[in-house]
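S.K.: sequence? don't have it. structure:
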């Protein structure tokens, strides 16, 4: 009785699959061989490729028409820019020149009182006649005056030494020693003292007024030629013809 019940329970229990190692054939664990590779080209699938790009497709698009320049052409023409040049004669190939006929008058000149038109025959002939020109010349001759030279005024007595008379009477030339000087006279002292005068003429007057040319207390003539600093009597002699 008990054995029959055990057999019934065993028949109702689910069957356990054989999943453990060693329950399958050895051939089932071998890897499958690779599929054979065919040497024939595979058929193209999918959508067809687009047609090759033509040379016309690479040409950049033409600029859009109707675009106006930044500056109107009327303004450029008024400024003389872009004006049409004179057309050439197809027969001779020469360009037409400027119309120089009497009808094409020259532009009027502005009246300038600072410019004289006496050299223009047309301008003078339009306002002068032979009679009026003779009258004008007679008036100019009547107004002509001859100035006679007058006597030179006397030189003031307190004007100081006369360097012109001294230059004309000098017995030597510049640089030629004529008077004795102190042995310690130097060019450095001369340059220092000459810088105190505004000109060589002023230095020569001061030199003569202080006992020169025999004496030279200011050291203006260390070489003893009788001429202070850079003063030279040659220009005065040349003016007098000496």
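M.R.: Here it is on my side, so go on. Only a predicted model underlies this, so the values are computations on that prediction, with no experimental measurement involved.
S.K.: can I assume residue 158 sits in a helix?
M.R.: No - looking at residue 158 with DSSP: H, G, I helix; E, B strand; the rest coil, it is coil, so not inside a helix.
S.K.: who are the contact partners of residue 220?
M.R.: Neighbouring residues of residue 220 by CB atoms under 8 Å, 6 or more residues apart in numbering: 190, 193-194, 203, 206-207, 212, 228-229. In short, each C-beta sits where N, CA and C put it, glycine included.
S.K.: now the residues you listed in TSV, with distance to residue 162, secondary structure and neighbour count?
M.R.: Output for those, formatted as TSV (distance: CB to CB, whole Å; DSSP: H, G, I helix; E, B strand; the rest coil; neighbours: other CB atoms under 10 Å):
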residue	distance to residue 162	secondary structure	neighbour count
190	23	helix	21
193	22	helix	17
194	21	helix	20
203	15	helix	24
206	14	helix	20
207	13	helix	29
212	13	coil	22
228	15	coil	28
229	18	coil	21
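S.K.: quick one, strands of the chain?
M.R.: Counting by DSSP state E, the chain has no strands to list.
S.K.: scan it for its longest helix.
M.R.: Longest helix in the chain by number of residues, with DSSP state H as the criterion: helix 130-143.
S.K.: contacts for that helix?
M.R.: Contacts for helix 130-143 (CB under 8 Å, 6+ apart): residue 128.
S.K.: related to what we said a few turns ago, pLDDT added to the contacts of residue 220, as TSV?
M.R.: Formatted as TSV, the contacts of residue 220 follow (pLDDT from 0 to 100):
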residue	pLDDT
190	91
193	92
194	94
203	94
206	94
207	94
212	89
228	93
229	93
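S.K.: any idea how far residue 224 lies from residue 193?
M.R.: Going from residue 224 to residue 193 by CB to CB, to the nearest Å gives 16 Å.
S.K.: go on, residue 184?
M.R.: 14 Å.
S.K.: span of stretch 220-228 from start to end?
M.R.: 5 Å (CA to CA, to the nearest Å).
S.K.: what about the nearest residue to residue 155 once chain neighbours are set aside, how many neighbours?
M.R.: Excluding its sequence neighbours, the residue lying closest to residue 155 (CB to CB, 6 or more residues apart in numbering) is residue 162, at 7.1 Å. Applying other CB atoms under 10 Å, we find 13 other residues in the vicinity of residue 162.
S.K.: the residue lying closest to residue 217 once chain neighbours are set aside: neighbouring residues, count only.
M.R.: Nearest residue to residue 217 in three dimensions, chain neighbours excluded: residue 210, at 5.7 Å (CB to CB, 6+ apart). Neighbourhood size, residue 210 [other CB under 10 Å]: 14.
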